[in-house]
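In: Build me a model:
(2 chains)
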Amino acid sequence: MRRAAWAGLYALPVAFLAIFFFHPLLNILGYSLAPQGQVDLSVLLSLANSDYYRQTLSFTLWQAALSTFFTLLLALPSAYVLARYQFRGRNALLSVAALPFILPTVIVAVGFQTLLGDRGLLNEALAALLGLETGPLRLERSLPLILIAHVFYNYGLAVRLLTSYGASLSVRYEEAARTLGLGTWGVWRRVTWPLLRPALSGVALLVFIFNMTSFGVIVILGGVRFATLEVQIFYQAVSLFNLSSAAALSLVQMGLASLAFGLYGRWQRTAFPIQTQSEALLRRPSGWGARSAIGGIVIFVVLGVSAPLLALVWRSLSWRGAFSLRHYLSLLEGETRALAVPIGVGVTNSLILAAVAVFLALMLGLLAAHMLKRGWRWLDGLFMLPLATSAVTLGLGYTLSFDQPPLNLRGSWVVLPILHALVALPFVVRTVLPALRAIPPNMLAAAATLGSGPMTRWWRIERPLTTRAISISALFAFTVSLGEFGASLFVVRPNLPTLPIMIYRLLGQPSRESYGQALALSVILLLLCALAFFFMERLRRASGSGF
Amino acid sequence: MKFLSIFVLVLSLSLSAQGQERVVTLITHDSFNVSEDVLQAFEQESGYRVEILRLGDAGLLVNQAILSRNNPLGDVLFGVDNTFLSRALKADIFLPYESPLLAEVDPIHLLPDETRVTPIDYGDVCLNYDIAALEALGLKAPQSLADLTQEAYRGLLVAMNPATSSPGLAFLLTTVSVFGTEGDYTYLDYWADLVANDVLIVDDWETAYFGHFSAISEDGDRPLVVSYASSPPFSLDDEGQPTTASVTAPGTCFRQVEYAAMLRGTDNEEGAQQLIDFMLSRAFQEDLPMQMYVFPVRRDAVLPAEFAEFATVAEEPAMLSAEAIDQGREDWINAWLEVIVRR
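Out: Below you'll find the model as predicted:
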């Protein structure tokens, strides 16, 4: 194929980003800096001068810092052990720990509500145990519950990143230090900790970003009284109809996120200088201490991950204290008051939208990865940007855009898969690019010499060698689309709701029936995501690649 | 691209399965209800199928209608009330329509020089209480807003977020009108005291009334709720006596009028107008009280017996002019949020 044709194909992902990412963000910029068409900084200045927004900002950072602190507090010892010892089920344990990270926020929120809420399972059990009328826990709409959910979310990610980094550190440094006469504490303080510190700050930064932009968890578990920036943007735009304030807040959010991601990028370039050892050098645990540490971690992970999910499943299967399929059967009943479409239709729509999103994300992601491999390296950061943009900011941007010709898409269903594909795009590029780069260049060169064009080379060499990476990213894009909440909430049309939106709507209804339906739907969504995750992990295990 | 076009095809097929029918779409709030037979009679008579989209509470309804004005979500909007009206009028999302049935409407509900909205019902937003629960606590019903900040009423009230809920906003406006925005003790001081007295704030009226109000909800533990003076007829026990009552003392209620309007950008003006006429018909107006807990605006509408007996009208509802509401609303809500949100 001609060079020009390639350029045309490469233009697709770039144009996609320009139209569906930068254009809405520029609209936000416009709204916040020039609400009436002329430059007017008064909205931004009034935000800066308002105690309330300063408090919102500090609460946002404070809860993110606390969440990050507790996540690392739990993840560090786990990773320390997992990076050292090999034992049966170690890989499975790492998989289980990472499961929460791909779960939709609505599921996590509902799971913790059913486990720790005012009428949650734990409260009921405690009440029965202590002979009280109502449970003693009052965690609903409280900071601790938000923190617990955030830790649940990020613990596995942190453990995984820290473990793979820790396992790559050679034990030889430590052994050398020991030979030179340092004690256990000395080795930790003088060798292990300095080696670990940069990785730790990188992971901390990443977890911090995720907590800072957390939306679903806070909006469902916290309510009006816990407004982070992200939640405040939503309230300002959708509840108060104060678009210029919302836009100004988004600008602050974008600024913070880019700052954090800039730092993260810098760390990523500098943090992995020492990689001298493969995981093969993991030791077998010997002695009572190591075994009980491993046992403790296994129990903690299995219990921690499964408790809220089991509570959710349990609650979805019970009605007035007895086992019942009632909630699931009621999903089939057709019309519900709160939803414009029968639930079955909603589920089907959600799956179709997810399929379209996967298709878009793959097509654009593969083109982008190909382009980046061919030396357009400077564009690398560009395709990572959607990752640094909060969901609500994107949603707001879409709200301010696409309602006028030539791109009058707001009334159309395509806007959701486009949005979801945009969110999934960085992951697709990040997964496919290393696989493409791993293909020996001379293999492609040989094929070219033998007369095959780029398309043939792609089809006969690159595609088969990257199938696994492509499948993993397809599954990931699928879970992203199925679970996306914050941005979808802005652009969704009531007659075409997605699964998380339906769950959120049903949760907001006061009747027990609706709540039961929300639980049953959450379980269905959970099963879909868990299934996708299972296949992803199998593929990943087989290919041996990291996150 | 082939896949994409197949998807498009499947999706558009699944969406337009009932494309041949004549449909008129009503966007409204979650509290909208109409008797099946009343609606069916209209559908048969007019030949339109009415599709009802409930979009959350009244505030969200209006905002969503404005945000999607270039791609309207429906043909008719029902449920914008005098507290949110100016926002919708300013955004100019409605088309003028003067129903011939306006002649039957009590003139006090008509807006002078405004043909874009049609009044449908009204009600007074007042405190409601669980009669038995207050008795068990040895408490009398509160007789003023100030009572609610007393220790005795600690943790008893559930109210709504005025940003999302129109009765919630109405209650906020009551406090504004009673305590004022300036002086030693403003409405914000009052709300700070309410928060200190453990008021529960939820996003919408349905959640408050059906989810937390002890007289109505199995799970409810709050014997006081912000609701309507017309709510008690819906809480009758087996002997036909109400289990709840409303406080209608002067300075505790706010009058709300709900309007219907045709959405700008509709491609079905005729259907929209017929639907609005239907809402002013006697059949719909007499169905209203037992379906939505409100009073009809039509003078000749006959009230159901239990409604006539137990529903009340506020003695002196708090008054704020439409202009004052329009100018103050956003600031009051924002200031309210600042008081409510945990520091």
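In: can we go C-alpha only for contacts and neighbour counts from here?
Out: Will do.
In: Chain neighbours aside, what residue packs nearest to the closest residue to chain A within the stretch 201-343 of chain B?
Out: Closest residue of the stretch 201-343 of chain B to chain A, Cα to the nearest Cα: residue B:341 (4.0 Å). Of all residues not flanking residue B:341 in the chain, residue A:225 sits nearest, at 4.0 Å (Cα to Cα, 6 or more residues apart in numbering or on different chains).
In: What does the pLDDT read for the residue of the stretch 201-343 of chain B closest to chain A?
Out: With respect to pLDDT, residue B:341 scores 72.
In: Residue A:3 now?
Out: For residue A:3, the model assigns a pLDDT of 68.
In: pLDDT averaged over stretch A:515-530 - what is it?
Out: For stretch A:515-530, the per-residue pLDDT averages 94.
In: I meant stretch A:419-437, not that one.
Out: 92.
In: And that stretch, what's buried?
Out: Residues of stretch A:419-437 classed as buried by neighbour count (16 or more other Cα atoms under 10 Å in any protein chain shown): A:419-433, A:435-437.
In: What of stretch A:141-157?
Out: Neighbour-count burial for stretch A:141-157 [16+ other Cα under 10 Å]: A:141-142, A:145-147, A:149-157.
In: cool, and stretch A:129-136?
Out: residue A:135.
In: any idea where the helices of the stretch 1-150 of chain B begin and end?
Out: B:2-15, B:36-46, B:58-67, B:85-91, B:131-136 (DSSP state H, counting those that start in this stretch).
In: Actually, the stretch 301-450 of chain A.
Out: For the stretch 301-450 of chain A, the helices defined by DSSP H, counting those that start in this stretch cover A:326-331, A:343-373, A:380-384, A:391-399, A:415-437, A:441-449.
In: Minimum distance to residue A:208: which of those helices has it?
Out: helix A:391-399 (15.5 Å; Cα to Cα).
In: So which other helices or strands are in contact with the helix or strand hosting residue A:481?
Out: Element membership of residue A:481 [criterion: DSSP states H and E] is helix A:463-483. Identification of packing neighbours for helix A:463-483 by 3 or more Cα pairs under 8 Å, 6 or more residues apart in numbering or on different chains; DSSP states H and E yields helix A:343-373, helix A:415-437, helix A:499-507, helix A:512-543.
In: Could you identify the helix or strand that succeeds that helix?
Out: helix A:486-491.
In: and that following helix, how far from the chain's centre?
Out: 15 Å (Cα atoms, centre = their mean, to the nearest Å).
In: CA atoms only for that helix - export them in CSV, please.
Out: Only the C-alpha atoms of helix A:486-491 are listed here, as CSV (Å, rounded to 0.1, in the frame of the first residue of the first chain):
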residue,chain,number,x,y,z
GLY,A,486,-19.3,8.7,35.4
ALA,A,487,-19.2,9.9,31.8
SER,A,488,-22.1,7.8,30.7
LEU,A,489,-24.3,9.4,33.3
PHE,A,490,-24.0,12.7,31.5
VAL,A,491,-24.7,11.6,27.9
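In: on that earlier part again, and the helices and strands packed on helix A:463-483: which comes nearest residue A:85?
Out: Using Cα to Cα, the helices and strands packed on helix A:463-483 put helix A:512-543 closest to residue A:85, at 18.1 Å.
In: per-stretch mean pLDDT over the helices of the stretch 301-450 of chain A, give me the minimum one.
Out: Mean pLDDT per stretch puts helix A:380-384 lowest among those, at a mean of 83.
In: ok, for residue A:258, nearest residue in space, not its chain neighbours?
Out: Per Cα to Cα, 6+ apart, closest to residue A:258 is residue A:388, 6.3 Å.
In: Surely the one you found touches residue A:259?
Out: No: counting by Cα atoms under 8 Å, residue A:388 does not reach residue A:259; the two are 9.5 Å apart.
In: Between these two, which is the more surrounded one?
Out: Taking neighbours as other Cα atoms under 10 Å in any protein chain shown, residue A:388 and residue A:259 compare with residue A:388 leading, 22 against 14.
In: In chain B, mark out all the strands, start to finish.
Out: Counting by DSSP state E, chain B has strands at residues B:23-28, B:49-54, B:76-81, B:94-95, B:118-130, B:157-160, B:200-202, B:224-228, B:244-246, B:254-263, B:295-296.
In: To residue B:323, which of those strands lies closest?
Out: Nearest to residue B:323 among the strands of chain B is strand B:76-81; the distance by Cα to Cα comes to 14.1 Å.
In: how many neighbours does residue B:171 have?
Out: Neighbour tally, residue B:171, other Cα under 10 Å: 26.
In: these two touch, right, it and residue B:251?
Out: No: using Cα under 8 Å, residue B:171 is not in contact with residue B:251; the gap is 10.7 Å.
In: From residue B:64, how far off is residue A:509?
Out: 19 Å (Cα to Cα, to the nearest Å).
In: correction: residue B:108
Out: 29 Å.
In: and these two? which has more neighbours close in?
Out: residue B:64 (22 against 8).
In: my read: that one touches residue A:240, true?
Out: No: with contact defined as Cα under 8 Å, residue B:64 does not count as touching residue A:240 (11.0 Å).
In: What is the burial count for residue B:265?
Out: If we define neighbours as other Cα under 10 Å, then residue B:265 has 17 of them.
In: ok, and the closest non-adjacent residue to it?
Out: Nearest to residue B:265 is residue B:72, by Cα to Cα, 6+ apart, at 6.2 Å.
In: Please name the residues that touch that neighbour.
Out: Applying Cα atoms under 8 Å, 6 or more residues apart in numbering or on different chains, we find residue B:72 in contact with A:411, B:65, B:263, B:264, B:265, B:266.
In: Residue numbers of the stretch 1-150 of chain B in contact with chain A?
Out: Contact residues (Cα under 8 Å from any Cα of the partner chain) of the stretch 1-150 of chain B with chain A: B:4, B:7, B:11, B:30, B:52-55, B:59-60, B:63-64, B:67-68, B:70-73.
In: Now which of those residues would you call buried?
Out: In the residues of the stretch 1-150 of chain B next to chain A, burial by neighbour count holds for B:7, B:11, B:30, B:52-55, B:59-60, B:63-64, B:67-68, B:70-73, counting by 16+ other Cα under 10 Å.
In: Show me the shaky parts of chain B.
Out: B:1-20, B:342-343 (pLDDT under 70).
In: mind giving me the domain ranges of it?
Out: B:21-122+B:257-310, B:123-254+B:314-340 (automatic domain parsing).
In: so which residue of the stretch 151-300 of chain A comes closest to chain B?
Out: Closest point on the stretch 151-300 of chain A to chain B, by Cα to the nearest Cα, is residue A:225, at 4.0 Å.
In: Assumed that residue was part of a helix.
Out: No: per DSSP: H, G, I helix; E, B strand; the rest coil, residue A:225 lies outside any helix segment and is coil.
In: Report the separation between it and residue A:75.
Out: Taking Cα to Cα, one finds residue A:225 at 30 Å from residue A:75.
In: who's more crowded, those two?
Out: Neighbours per residue (other Cα under 10 Å) separate residue A:225 from residue A:75, with residue A:75 holding more: 23 against 19.
In: tell me which element the more buried one is part of?
Out: Here residue A:75 is assigned to helix A:51-82, by DSSP H and E.
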